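Peer 1: give the three-dimensional model of this entry:
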Amino acid sequence: ISGTIPDELYFLTNLQIMDFGSCTYIDGTISTHIGRLTNLLEVGLELTTMHGEFPSEIGLLTGLKSWQSYYSYFSGSLPTEIGNMTSLEYLDVTETVMTGSLPTELGNLVNLEYAYMYDNSFAGLLPTEIGSMESLEVFYVENCQFHGHIPSEVGQLANLRKLYLHGNKHLNGTLPSEISNLSNLEELSIGGTSIVGNLDPILCLADNMPDYIWADCASPPGDSVLSQVTCSCCSECCYTDDHSGDVECEEKSNPAHTMCYNNECTSCGNERFVSSCAGCIDRNISSLGIPPKWIDFDALTSMELCSGSCVLEETSGMCKTRNFTASHLG
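Peer 2: Numbering: from 1, shown residues only. Alright, predicted model coming up:
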């Protein structure tokens with residue numbers, strides 16, 4: 001199939017599926033007549049050579065559940081009328097040439113579960129209205145040009161499983177503490193940004209710590225400059241190469257069990273950090289000359305080990321080794 005979508009197609013008002021996906025020779029633009037197809041449930045324009053901006057008339061597709069136009073040549077910004085597509089569950093505009101800021105009307109998409117918008121030139125602030133997208137499970141906006149802080153309203157996305165923000169080098173500030181409210185979060189990627197601070201109190205100490213975390217917790221080889229963030233439970237630590245500007249990441253071995261160093265427990269308070277906290281207890285006992293056999297580690301729960309060996313220092317956000325005396329050990 002080649003050529004443009006004929007205008008006659010837009011008069012098929014009972015049409016439910018319009019799928020030209022992977023038809024690489026389909027080109028042209030989306031007609032404003034698309035607004036006539038109010039019974040559409042799915043639109044597939046991915047892997048075509050179609051171009052131009054999305055017409056505002058797509059906002060008339062209030063029953064649409066899936067829009068896919070990834071790996072194409074569409075440009076311009078998402079129209080504000082997208083907020084009228086309240087039945088939308090799946091949106092994929094990955095790797096086009098789209099620009100502009102994300103419209104605040106995205107917050108109206110309360111049924112949207114999957115949002116893929118990465119590898120574009122979207123810019124501006126991430127809208128706070130994202131927090132209203134209560135069904136959102138996957139939010140991929142990496143390798144765009146967003147700037148400013150991550151809105152704290154992200155912490156309202158109770159169903160969010162995957163949050164990918166890496167490669168937005170002008171995203172800055174600290175990770176909002178509300179991220180710790182995301183009990184279903186499995187993957188978080190914030191490498192290659194300008195986010196700074198200590199991630200341990202927000203991510204590593206939580207009972208619902210994500211399975212995979214990518215962040216800028218490494219420094220370039222041979223560079224004495226400290227990493228942008230502290231993260232003892234990160235799966236991969238990244239840094240930006242000063243010469244090429246590329247983001248380099250390396251996998252950390254066994255990030256869930258960080259041993260103590262410099263009189264600090266970098267992580268505690270979670271059963272995944274038993275060895276860290278047990279190590280703190282061991283070291284404190286030996287420094288007091290008290291035989292380790294005085295504590296039956298097997299009889300203690302992981303939480304008891306952690307709370308007994310570490311204490312969270314409010315001012316620094318670090319987990320410090322608790323000072324022991326013989327009386328503490330009974």
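
Peer 1: what about residue 232, which SS state?
Peer 2: Residue 232 carries the three-state label coil when classified by DSSP: H, G, I helix; E, B strand; the rest coil.

Peer 1: neighbours of it, how many?
Peer 2: Each residue near residue 232 was counted by other CB atoms under 10 Å, and the total is 25. No exception for glycine: its C-beta is placed from N, CA and C like everyone else's.

Peer 1: please apply the same query to residue 135.
Peer 2: Residue 135, neighbours per other CB under 10 Å, totals 15.

Peer 1: residue 48 now?
Peer 2: 23.

Peer 1: try the one 3 residues further on
Peer 2: By the measure other CB under 10 Å, the count of residues near residue 51 is 16.

Peer 1: and it, bridged to which residues?
Peer 2: With DSSP bridges applied, residue 51 shows beta-bridge pairing to residue 73.

Peer 1: what's near enough to touch it?
Peer 2: 27-29, 72-75 (CB atoms under 8 Å, 6 or more residues apart in numbering).

Peer 1: now do the strands in the stretch 151-300 of the chain.
Peer 2: Secondary structure of the stretch 151-300 of the chain by DSSP state E, counting those that start in this stretch: the strands cover 162-164, 170-174, 187-189, 194-198, 212-215, 229-230, 236-240, 247-251.

Peer 1: hmm, who's touching the second one?
Peer 2: I take that to be strand 170-174. 126, 145-150, 165, 190, 193-197.

Peer 1: can you select the buried ones from these in ChimeraX?
Peer 2: Buried residues among the contacts of strand 170-174 (16 or more other CB atoms under 10 Å), as a ChimeraX selection:
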select :126,145,146,147,150,165,190,193,195
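
Peer 1: any chance of the contacts of strand 170-174 in a markdown table, plus distance to residue 64 and pLDDT?
Peer 2: Formatted as a markdown table, those follow (distance: CB to CB, whole Å; pLDDT from 0 to 100):
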| residue | distance to residue 64 | pLDDT |
| --- | --- | --- |
| 126 | 24 | 98 |
| 145 | 28 | 97 |
| 146 | 26 | 98 |
| 147 | 31 | 97 |
| 148 | 30 | 97 |
| 149 | 32 | 97 |
| 150 | 29 | 97 |
| 165 | 27 | 97 |
| 190 | 31 | 96 |
| 193 | 32 | 95 |
| 194 | 36 | 94 |
| 195 | 34 | 95 |
| 196 | 40 | 93 |
| 197 | 40 | 90 |
